[in-house]
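Sequence and predicted structure are below.
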Amino acid sequence: MRAAVLALAAAALALAGCGVDSRGGTAVQVLVTTGEGGATVVQTEAAPKGTVEAGDVLREAAGATIDGGRVTAVEGAAAKAGQRFELHVNGRVAGLDDDVRDGDSLWLDLRTAGSPATPIVVGQFPAPFTTGIEGKRLPIRVECIDQDAVPCRAVRDALVEQDVAASRGGLQTSLAPETLRVLVGPWDALRGDLAARTLEDGPRESGVFAEVARDGKTITALDHTGRSVRRLGAGSGIVAGVQLEGAQPVWVVTGTDARGIEAAAQTFRQDTLTGRFALAVSPSGELPLPIGAP
C-alpha cells in the first residue's frame with residue numbers, strides 16, 4: 001500500500017510540473033492526507049469538465065465514498081471511529097458541494113474528531129493568490145513596515161515567481177474585506193490587525209496550532225489538541241493564515257525578532273509550505289503545525 005501511494009505521489013508531482021491536463025486546460029490538484037497533513041494518502045490531478053462540485057472531484061480522483069454529506073472512505077480506506085474529514089479548497093475550508101474550477105486546489109485531511117477546525121491553511125500555496133476565492137480573483141497586497149527589508153522582498157519575490165501581481169504598502173489601518181493580504185514584519189506592529197491578533201488566542205480562535213506571545217518574543221507550538229509542546233524563542237518565526245468572519249484570508253509572516261522574521265519569509269515558497277496547515281521555524285529547523293506532522 002505504501003509503495004503504491006508513493007508511486008502515485010511521484011507521478012502526480014511529475015504532472016504538477018506542467019499543471020496542464022489532457023484537454024489543454026489547467027488541472028485541479030487533489031491531495032488527501034491524514035493527521036493534519038502528517039501522511040499523504042493520495043496526491044494526484046483531476047481534469048473536470050467545467051465547474052463541478054468538490055465531492056464529485058474527490059469521487060473521481062481519490063475514490064472517495066460520500067454518505068450523507070460526509071466522506072466515509074478514500075481509496076478504499078474507511079475513516080476510523082473518532083476521525084473526521086476536513087476539506088480545503090484554495091486554502092480555505094470548504095464543503096463537498098462547493099464549486100471547483102480549472103486550476104483549483106483540493107485538500108482533504110482525515111483528522112481526529114474534536115480537534116479545532118482550521119479555516120485557513122497555507123499548504124495549498126500558491127492558492128489562493130493564483131486562484132482567487134470561489135472563482136473570484138481578488139486584489140493582493142503585501143503589507144510591510146519596511147518595504148525594502150529582506151523579508152518583505154522575499155515574500156514579494158515568491159509571489160512574482162508564481163506570476164502573481166501584488167501591490168505593496170504599509171499596514172492597513174482599516175479593514176479591506178475584498179483584498180487578499182500578506183502581513184510581513186514584527187509582531188508588535190502586526191498585532192494591530194484584528195485578524196492577525198487572533199494568533200495570540202490559540203487554535204479555537206485563530207485556527208492555527210500556535211500561540212504568539214503578546215510581546216512577540218515567543219511562539220508556542222501546539223499539537224492537534226491544542227496542547228503546548230514547544231516554546232520557540234530567539235530566531236523563530238511563523239507563516240500562518242487567519243480570517244475574520246465576513247473578510248478574506250490574511251496571511252501572517254512574523255517572528256520573535258529580525259532573524260526569525262527573515263527565516264519565516266524564506267519559507268514562503270510552494271516546496272516548503274505544501275501540505276502544511278501552518279509552519280513555524282526555529283534555529284533548529286522547520287516545524288510543521290500542529291506538532292506531530294512531519
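Perfect, I can see it now.

doesn't Arg269 make contact with Pro126?
No: with contact defined as CB atoms under 8 Å, Pro126 does not reach Arg269; the gap is 9.4 Å. The way it works is simple: take the backbone N, C-alpha and C, and place the C-beta from them, glycine included.

Can you show me the helices along the stretch 1-150 of the chain?
For the stretch 1-150 of the chain, applying DSSP state H, counting those that start in this stretch gives helices covering 2-16, 54-62, 150-161.

So which bits of the second one are buried?
This points to helix 54-62. Ala54, Gly55, Asp56, Val57, Leu58, Arg59, Ala61, Ala62 (16 or more other CB atoms under 10 Å).

thought the second one was touching Ala61?
No: using CB under 8 Å as the test, Gly55 is too far from Ala61 to be in contact (11.1 Å).

Now tell me which helix or strand of the protein has the poorest mean pLDDT.
helix 2-16 (a mean of 35; mean pLDDT, DSSP states H and E).

count of neighbours near the residue nearest to Gly135 when sequence neighbours are not counted?
Closest residue to Gly135 apart from its sequence neighbours, by CB to CB, 6 or more residues apart in numbering: Arg101 at 5.4 Å. Residues contacting Arg101 under the criterion other CB atoms under 10 Å number 18.

Surely Arg101 touches Thr51?
Yes: using CB under 8 Å, Arg101 is in contact with Thr51, at 5.3 Å.

and for the two, which residues touch both?
Here Arg101 and Thr51 have Gly135 as joint contacts, going by CB atoms under 8 Å, 6 or more residues apart in numbering.

Glu60 - nearest residue in space that isn't next to it in sequence?
Ala46 (6.1 Å).

what's the distance between that neighbour and Gly275?
17 Å (CB to CB, to the nearest Å).

same thing with Ile133?
Distance, Ile133 to Gly275, using CB to CB: 20 Å.

Which one of the two is surrounded by more residues?
Per other CB under 10 Å, whichever of Ile133 and Gly275 has more neighbours is Gly275, with 21 against 17.

Grab the nearest non-local neighbour of Ile261.
Gly255 (3.8 Å).

and the one you found, what are its bridge partners?
For Gly255, the beta-bridge partners under DSSP bridges are Gly237.

I figured it was touching Glu262, is that so?
Yes: counting by CB under 8 Å, Gly255 touches Glu262, with 7.4 Å between them.
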